[in-house]
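1. Just to be clear, the model below is a prediction. Sequence and coordinates:
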Amino acid sequence: MGIISGLAIYFIIWWTTLFVVLPIGNQSQHESGERALGTADSAPINARMGFKFMLTTALATVVFVIFYVVTQVFGLGPDDFPHMIPGT
């Protein structure tokens, strides 16, 4: 795996992990009873995006290391798994 391929895979893993981390700890304005003028009831009160970016980076790094070890060290790839549809 080259550097560019590794960065592209890391970016995809990071972006996917971000969508997993975003809902963690959110509380909407409706749930808390506070409402800012001009916002929807479902808007979060304190999104804590800095914390979520750091958590996303840490989790994405762990997932990427696992991916790297499985594919580069152990040499497993898509061809190593049996075909699910006969004749393909």
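-> Alright, I've got the coordinates. Numbering: from 1, shown residues only.
2. The lowest-mean-pLDDT helix or strand in the chain: which residues count as buried?
-> For the chain, using mean pLDDT, DSSP states H and E, the weakest element among its helices and strands is helix 29-32, scoring a mean of 79. Across helix 29-32, burial judged by 16 or more other CB atoms under 10 Å covers Gln29. All C-beta spots, glycine's among them, are computed from the backbone N, C-alpha and C.
3. How far off centre is the helix or strand following that helix?
-> Downstream of helix 29-32, the next assigned helix or strand under DSSP states H and E is helix 49-68. Taking CA atoms, centre = their mean, to the nearest Å, one finds helix 49-68 lying 7 Å from the centre of the chain it belongs to.
4. Show residues contacting helix 49-68.
-> Met1, Gly6, Ile9, Tyr10, Ile13, Trp14, Thr17, Leu18, Val20, Val21, Leu22, Ile24 (CB atoms under 8 Å, 6 or more residues apart in numbering).
5. can you pull the contacts of the fifth one?
-> What that stands for is Ile13. With contact set as CB under 8 Å, 6+ apart, Ile13 has these partners: Ala60, Val63, Phe64, Phe67.
6. quick check, it in a helix?
-> Yes: counting by DSSP: H, G, I helix; E, B strand; the rest coil, Ile13 is located in a helix.
7. Local confidence estimate at it?
-> Here the pLDDT value assigned to Ile13 is 97.
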